[in-house]
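1. Quick check, what structure comes out for this input:
(one chain, ligands or ions: 1)
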Amino acid sequence: MPPPRRARRARLRDPVTGDAIDDGLALWFPAPRSVTGEDVAEFHIHGSRAVIAAVVAALRRLGLRLAEPGEFTRRAFANGKLDLVQAEAIADLVAAETEAQRRQALRQLDGHLGAVYRGWSARLLRTAAHLEAAIDFPDEDLPPEVEAGVADEIATLADEIAAHLADGRRGERLRDGITIAIVGPPNAGKSSLLNTLSQREAAITSPIAGTTRDVIEVAVDLAGYPVVFADTAGLRDSTDSIEQEGLRRALARAEAAELRLFVFDARRPGDAAGAASWPGTETLLVANKIDLVADRADVPTGALPVSALTGDGIAALVAALTGRVAAGYDLAAPALTRERHRAALDDALSALRRAQQAALPELRAEDLRLAWRSLGRITGAVDVEDLLDVIFADFCIGK
Ligand code: GDP
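-> Below is the predicted model of the structure:
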């Protein structure tokens, strides 16, 4: 037996036959000072298929089995080693494809996000306790100072949660990819530009849900930010119903995008006016095919001159894009990263708003309790048995 938490060189032998299996390291972590909080043994072995098969077979004979996906993390959660938000951060860390995603996941694992939610929970609980203590005073109306204090705190909490929710989904976008739509007239060079951009930057090969024939999407690591370029197949008027469906999807995609590149042919500067039909999201003007233009003076001001063909101006375009994207993401501030958290926060906020309107202090106290429960579901402080299978299902084996 190696001493606790010390690596020791060990010869692994079959427990029945005594035959040597491999030469490696063994570590022993007695409970509770282990990753799961339980007794944990680790074997560092040569990773070939034959060695792994022999070690696993030997362990099986001792009555052990392989862990389910996410089982280690789940046990760590059950033993209070992590909260649910941190458990989800491990899944994000394992799946992180870019630097910004890795940093966001690590901050979440460090507990910054969970601390925000626990802070709100604690304040809610204190407020509810004040209110309930006052209600329990027999034969008296609520002391006005208690009532005013409770109302103030409910309003402050509701404002803070609402502000956290109104973050433009930056944390979720960072997890899922920041969409940049490429729009503009047919033949302006949108597909060529997408090719050039994705070849220059490190293209991520993970499949993207929702990719259709009509909207071509390429995931790219843009200076650490996960960006999805969406090429909206030539936005044109058409009577063909399939093309109209493509157009509808392209428009929806471009409207939902965080940023748009409006690409036009530099020889047709008048086309740049088409960008004005895209309100809302930020639009960057790109004058493509600059290699075909003799005098750049005709390029409209504010448009970036590029050539998808020669690569001219592409570095400046990438720099401009990176600047825009980075400006929207303050990685130091804990951001909402999951729809699950958003839904629970929405519920908590609705309960707080109801509490503000409640006609009776007893009803107000009940709404506060509901808000507190919603917040508790995020970190796993209240019963979340129903959630666990869903959360740990997307883990990989061995985590
Ligand atoms: P889309 O309809 O906007 O996607 O345009 P395409 O990318 O299909 O390009 C239309 C045509 O313009 C193709 O023949 C391209 O080879 C050509 N093209 C695209 N970009 C450039 C460029 O920067 N310079 C030149 N000379 N031709 C280009």
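
2. any idea of the mean pLDDT in the longest strand anywhere in the chain?
-> In the chain, with assignment by DSSP state E, the single longest strand is strand 20-29. Averaging pLDDT along strand 20-29 yields 96.

3. quick one: contacts of it?
-> Residues outside strand 20-29 that contact it (C-beta atoms under 8 Å, 6 or more residues apart in numbering): 1-14, 35, 39-46, 51, 54-55, 58. Just so you know, the C-beta spots here come from the backbone N, C-alpha and C atoms, and that holds for glycine as well.

4. are any of those residues buried, and which?
-> Buried members of these, counted by 16 or more other C-beta atoms under 10 Å: 10, 12, 40, 45, 51, 54-55, 58.

5. Mind putting those into CSV with pLDDT?
-> Formatted as CSV, the buried ones among the contacts of strand 20-29 follow (pLDDT from 0 to 100):
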residue, pLDDT
A10, 93
L12, 94
V40, 96
I45, 96
V51, 95
A54, 94
V55, 94
A58, 93
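
6. just the helices in the stretch 201-350 of the chain please.
-> For the stretch 201-350 of the chain, the helices defined by DSSP state H, counting those that start in this stretch cover 241-256, 314-327, 339-357.

7. The shortest one: how far from the chain's middle?
-> For helix 314-327, the gap between its own C-alpha mean and the chain's C-alpha mean amounts to 22 Å (C-alpha atoms, centre = their mean, to the nearest Å).

8. same deal with stretch 49-64?
-> For stretch 49-64, the distance to the chain centre is 37 Å (C-alpha atoms, centre = their mean).

9. Confirm G47 sits in a helix?
-> No - using DSSP: H, G, I helix; E, B strand; the rest coil, the assignment for G47 is coil, not a helix.

10. give the contact list for it.
-> If a contact means C-beta under 8 Å, 6+ apart, then G47 has no contacts.

11. R296 against L304, yeah?
-> No - R296 is beyond contact range of L304, at 11.3 Å (criterion: C-beta atoms under 8 Å).

12. neighbour count winner among these two?
-> Between R296 and L304, counted using other C-beta atoms under 10 Å, the more crowded position is L304 (20 against 10).

13. quick one: the strands in this structure?
-> Applying DSSP E to the chain gives strands spanning 8-13, 20-29, 40-44, 178-183, 202-204, 215-222, 225-232, 259-265, 282-288, 304-305.

14. Next, format those as TSV and append distance to G274.
-> As requested, the strands of the chain are exported to TSV (distance: least, C-beta to C-beta, whole Å):
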stretch	distance to G274
strand 8-13	69
strand 20-29	63
strand 40-44	61
strand 178-183	9
strand 202-204	28
strand 215-222	19
strand 225-232	13
strand 259-265	7
strand 282-288	10
strand 304-305	16
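
15. Those strands: which one's closest to L360?
-> Ranking those by their distance to L360 (criterion: C-beta to C-beta) puts strand 178-183 first, at 46.6 Å.

16. Buried residues in the closest one, which are they?
-> By neighbour count on 16+ other C-beta under 10 Å, the buried set for strand 178-183 is 178-183.

17. so which of those comes closest to R65?
-> I178 (41.3 Å).

18. For V263, which residues are in contact?
-> V263 makes contact with 182-184, 188-190, 193, 286, 288, according to C-beta under 8 Å, 6+ apart.

19. that older thread, how far off centre is the longest strand of the chain?
-> Relative to its chain's centre, strand 20-29 lies at 37 Å (C-alpha atoms, centre = their mean).

20. before we move on, what about stretch 37-47?
-> How far stretch 37-47 lies from its chain's middle: 30 Å, per C-alpha atoms, centre = their mean.

21. gap between the two ends of it?
-> 26 Å (C-alpha to C-alpha, to the nearest Å).

22. Look up how far R118 lies from Q86.
-> 11 Å (C-beta to C-beta, to the nearest Å).

23. ignore the last one, G313
-> Taken as C-beta to C-beta, the span from G313 to R118 is 49 Å.

24. Surely R169 and R338 touch.
-> No - taking C-beta under 8 Å as the definition, R169 is not a contact partner of R338, at 10.5 Å.

25. Lowest average confidence across the strands of the chain, which one?
-> Lowest mean pLDDT within the strands of the chain: strand 202-204, at a mean of 54.

26. Please identify the deepest-packed of the helices of the stretch 201-350 of the chain.
-> Comparing the helices of the stretch 201-350 of the chain by mean neighbour count (mean count of other C-beta atoms under 10 Å), helix 339-357 ranks first with a mean of 18.

27. what residues does it touch?
-> Outside helix 339-357, the residues that touch it by C-beta under 8 Å, 6+ apart are 85, 88, 117, 120, 151, 154-155, 157-158, 161-162, 164-165, 172, 336, 364, 367-368, 370-372, 374-375, 377-378, 387, 391.

28. hmm, 7 Å instead?
-> The contact list for helix 339-357 (C-beta atoms under 7 Å, 6 or more residues apart in numbering) reads 154-155, 157-158, 161-162, 164-165, 172, 336, 364, 367-368, 370-371, 374-375, 377-378.

29. next one: stretch 124-132
-> Residues outside stretch 124-132 that contact it (C-beta under 7 Å, 6+ apart): 146, 149-150, 153-154, 157, 361, 364-365, 368-369, 371-372, 375.

30. Centre-most residue in this protein?
-> R175 (2.8 Å; C-alpha atoms, centre = their mean).

31. And it, how close does it get to A343?
-> Distance, R175 to A343, using C-beta to C-beta: 15 Å.

32. Could you tell me which ranges of the stretch 101-250 of the chain sit under the pLDDT cut-off?
-> Where the stretch 101-250 of the chain drops to pLDDT under 70, the residues are 137-142, 200-215, 233-247.

33. and if we set it to 50?
-> Regions of the stretch 101-250 of the chain meeting the criterion pLDDT under 50 cover residues 205-213, 234, 237.

34. Okay, angle between the lengthiest helix in the chain and helix 339-357 too, please.
-> If you go by DSSP state H, the chain has its longest helix at helix 112-135. When axes from the mean of the first three to the mean of the last three C-alpha atoms, to 10 degrees is applied, the directions of helix 112-135 and helix 339-357 differ by 20 degrees.

35. Tell me which residues of helix 112-135 come out buried.
-> Neighbour-count burial for helix 112-135, counted by 16+ other C-beta under 10 Å, picks out 112-114, 116-118, 120-121, 123-125, 127-128, 130-132, 134.
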